[in-house]
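A.B. asks: Pasting the sequence and the predicted model now:
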Amino acid sequence: MGGYYWLLVVVGVALFMTADQSEASCDGVAGQNGEPGRDGWPGPKGEKGQPALMEGPVDPSLLLRQRGELGSRGLQGVMGPKGYQGDVGAVGGAGMIGPPGPDGGSTDARGANLQQALSAFSVMRTVSTYPRYEQVVTYQTTVVNRPGGQTTDFNVGTGYFKCRIPGFYYFTFHSVAKVSMCLRIASDAPTDQPGFCDQNNKNHEQVLSGGVVLELAVDQKVWLESFRDAQRDIDARDTHDKHIIFSGFLLF
């Protein structure tokens, strides 16, 4: 009996101690939250849905409204910096030959339109009479007289050459006669007037020649004239055949 009593006492003490420890644990301080866990693995991609069903014809205006209306044009922006020059391209092929241009022309000091710088003449005196002293020699035959028409520079009727194009000209003459003859290339240009003579006392045909280069201005004249030097009176009355050729042309 006495042993059983002590067993009860021991069990009672143990229950008391257990109850006391339970009360102490219920009234204790709460602990800290733990760290969040890692994200889980992404799930598998779902299947593609079915297309929407549209009944009847599609209205284009409806589609445009769905996209939104076009806005107004904005202001022009600031021009950017100039870019670098590109490489030179390949040489192109030769083009087609163009049509010929119009004839060129020239203008004199008065502003008149002229043909290309062209002036040349050669005339011949064929009468047998002796040319009168200090008179302009006139001519019966024209070999060359260019240009022609209204712009002819040499007047066959008067024996005068009238400068139309200012520049340098060359004038020359040749005469054939059986008597003495003197001829001069005269002009109203401010220069000496060279004269040439041939003394012929043998009654044989002789040739007399002379030439000169003159610088002429517009409207200045040049002509050939006979003058007296040492000819005899019988020379001026001679009626044998005589020929005088007077020529001139523009150099430049």
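C.D. replies: Now that the structure is in, tell me what you want to look at.
A.B. asks: Check V137 and give its pLDDT.
C.D. replies: Looking at V137, its pLDDT is 92.
A.B. asks: Apart from its neighbours in sequence, what residue is nearest it?
C.D. replies: Nearest residue to V137, sequence neighbours excluded (CB to CB, 6 or more residues apart in numbering): L224, at 4.6 Å. (Each C-beta comes from the backbone N, C-alpha and C, glycine too.)
A.B. asks: Isn't the one you found up against F173?
C.D. replies: Yes. Contact criterion CB atoms under 8 Å: L224 and F173 qualify, at 5.6 Å.
A.B. asks: ok, the two, which is more surrounded?
C.D. replies: L224 (28 against 21; other CB atoms under 10 Å).
A.B. asks: quick one, what contacts that one?
C.D. replies: 136-137, 159, 173, 183-186, 244, 246 (CB atoms under 8 Å, 6 or more residues apart in numbering).
A.B. asks: same thing but 7 Å
C.D. replies: For L224, the contact set (CB atoms under 7 Å, 6 or more residues apart in numbering) comprises 137, 173, 183, 185, 246.
A.B. asks: what's the distance between it and G46?
C.D. replies: According to CB to CB, to the nearest Å, L224 stands 122 Å off from G46.
A.B. asks: Now stretch 221-236: average pLDDT?
C.D. replies: Stretch 221-236 comes out at a mean pLDDT of 85.
A.B. asks: nope, stretch 33-46 is what I was after
C.D. replies: pLDDT averaged over stretch 33-46 gives 83.
A.B. asks: next one: stretch 99-111
C.D. replies: The pLDDT scores in stretch 99-111 average 62.
A.B. asks: Is there a quick PyMOL command that grabs whichever of the contacts of L224 are buried?
C.D. replies: A single PyMOL command selects the buried members of the contacts of L224 (16 or more other CB atoms under 10 Å):
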select buried, resi 137+173+183+185+246
